[in-house]
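A.B. asks: Sequence and predicted structure below; questions after.
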Amino acid sequence: MSIQAQFFLPDELFNELERRAPQPENRSTLIAEALRYFFATHQESNELELINQHAKELNREAEDVLGYQVMSEER
């Protein structure tokens, strides 16, 4: 099943797309292949997930740094 979509491209990208795939059907195939490749090579994640993945290590580092920050009792 295919769905028709409308989107906007910068002129230079559209010109390159027309050059490489002059027929509209070929353009659709090329765009679909490019998106499949992009999605396969770029993992979906967000910053919170990345922080949570490394939370224990980040907390250990923070505790280590805080261990060096001793407040002076002489004032």
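C.D. replies: Sure, I can see it. What you are looking at is a predicted structure, and each value in this text was computed from that prediction instead of being measured.

A.B. asks: Where in the chain is the helix or strand with the lowest mean pLDDT?
C.D. replies: helix 47-53 (a mean of 83; mean pLDDT, DSSP states H and E).

A.B. asks: Buried residues of that helix, list them for me.
C.D. replies: By neighbour count with 16 or more other Cβ atoms under 10 Å, helix 47-53 contains no buried residues. Any C-beta I mention is one placed from the backbone N, CA and C, and that applies to glycine too.

A.B. asks: Excluding its own residues, what touches that helix? List them.
C.D. replies: residue 58 (Cβ atoms under 8 Å, 6 or more residues apart in numbering).

A.B. asks: Downstream of it, the next helix or strand is which one?
C.D. replies: Note on helix 47-53: by DSSP states H and E, the next helix or strand toward the C-terminus is helix 55-68.

A.B. asks: mean confidence score for that next one?
C.D. replies: For helix 55-68, mean pLDDT is 88.

A.B. asks: C-alpha coordinates for it, CSV please?
C.D. replies: This file holds the C-alpha atoms of helix 55-68, laid out as CSV (Å, rounded to 0.1, in the frame of the first residue of the first chain):
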residue,chain,number,x,y,z
ALA,A,55,22.4,7.1,34.6
LYS,A,56,24.5,4.9,36.9
GLU,A,57,27.8,5.9,35.3
LEU,A,58,26.8,9.6,35.3
ASN,A,59,25.8,9.4,39.0
ARG,A,60,29.1,7.8,39.9
GLU,A,61,31.0,10.5,38.1
ALA,A,62,28.9,13.2,39.9
GLU,A,63,29.6,11.6,43.3
ASP,A,64,33.3,11.4,42.5
VAL,A,65,33.4,15.1,41.6
LEU,A,66,31.4,16.1,44.7
GLY,A,67,33.9,14.1,46.8
TYR,A,68,36.6,16.6,45.8
